[in-house]
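Engineer: here is a sequence together with a model predicted from it:
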Amino acid sequence: MSTQLTSAAPMPSAVGEGLKKAFRTHPSGVAIITANVEAGPVGLTASSVSSVAVDPAAIMFSVTRATGSAGALLAADTFVVHLIDDAHAELAQAFATSGAERFTPEQGWRVLETGEPHLPTARAALRSRALHTVPVGSSTVVIAEVLDVLDGPLGRPVVYFDRRFHALPAA
């Protein structure tokens, strides 16, 4: 039996509220996803990034609403998923806040030869392109092929837990 999830407007429910509560106390890694589009660089913070396969190299993540930065990112040919450390928690907060300053020289951004914004101090950056997008309620799940892996310096990992960023001890 196949169940199809539609992109209908979200309806508050006890199950949905329970799901949000459950995931507030489930730590997840933090990433900043960036792209270069016709209007300029765009980016957002995501805590839903995970690996899907090694051959072909693929990852997945979800974005809420296909408007603003998320909409621009979904329309981009390629994007970069930056797996960040504790040193980038303030930057992650900026990319999670509408209207916050982004892509300033002080934040350390560079531009890859392929045009995407790149944070060289991220622990890893995964240059990717979308293979599939699946609308689910007010979100879109993206399955992406990883085109390049750019290694960076290792710091203290950061996780998102109970609506805040937290550093883990260094390995």
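Structural biologist: Cool, got the structure.
Engineer: partners of the host helix or strand of residue 35, with directions?
Structural biologist: Per DSSP states H and E, residue 35 falls inside strand 31-37. In its sheet, strand 31-37 lies beside strand 40-46 (antiparallel), strand 79-83 (antiparallel), with partners assigned from DSSP bridges.
Engineer: what mean pLDDT does the last one get?
Structural biologist: Along strand 79-83, the predicted confidence averages to a pLDDT of 98.
Engineer: so which elements touch the helix or strand just after that strand?
Structural biologist: Sequence-wise, the next helix or strand downstream of strand 79-83 (DSSP H and E) is helix 89-96. In terms of contacts (3 or more CB pairs under 8 Å, 6 or more residues apart in numbering; DSSP states H and E), helix 89-96 is packed against strand 31-37, strand 40-46, strand 164-167. The way it works is simple: take the backbone N, C-alpha and C, and place the C-beta from them, glycine included.
Engineer: identify the residues contacting the strand holding residue 35?
Structural biologist: 41-47, 49, 61, 72-73, 75-76, 78-84, 88, 91-92, 95, 111, 115-119, 122 (CB atoms under 8 Å, 6 or more residues apart in numbering).
Engineer: and the residue most central in space within the chain, what does it touch?
Structural biologist: The residue lying closest to the centre of the chain (CA atoms, centre = their mean) is residue 46, at 3.3 Å. Residue 46 makes contact with 30-33, 61-63, 81 under the criterion CB under 8 Å, 6+ apart.
Engineer: for this protein, give me the ranges with low pLDDT.
Structural biologist: Scanning the chain for pLDDT under 70 picks out 1-12, 66-67, 171.
Engineer: now do the helices in it.
Structural biologist: Assigned by DSSP state H, the chain shows helices spanning 14-24, 68-75, 89-96.
Engineer: columns mean neighbour count and distance to residue 152 on top of those, output as a markdown table?
Structural biologist: Below are the helices of the chain laid out as a markdown table (neighbours: other CB atoms under 10 Å; distance: least, CB to CB, whole Å):
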| stretch | mean neighbour count | distance to residue 152 |
| --- | --- | --- |
| helix 14-24 | 10 | 28 |
| helix 68-75 | 18 | 21 |
| helix 89-96 | 18 | 13 |
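Engineer: now render those as TSV, adding distance to residue 55.
Structural biologist: What follows is the helices of the chain, written out as TSV (distance: least, CB to CB, whole Å):
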stretch	distance to residue 55
helix 14-24	30
helix 68-75	25
helix 89-96	30
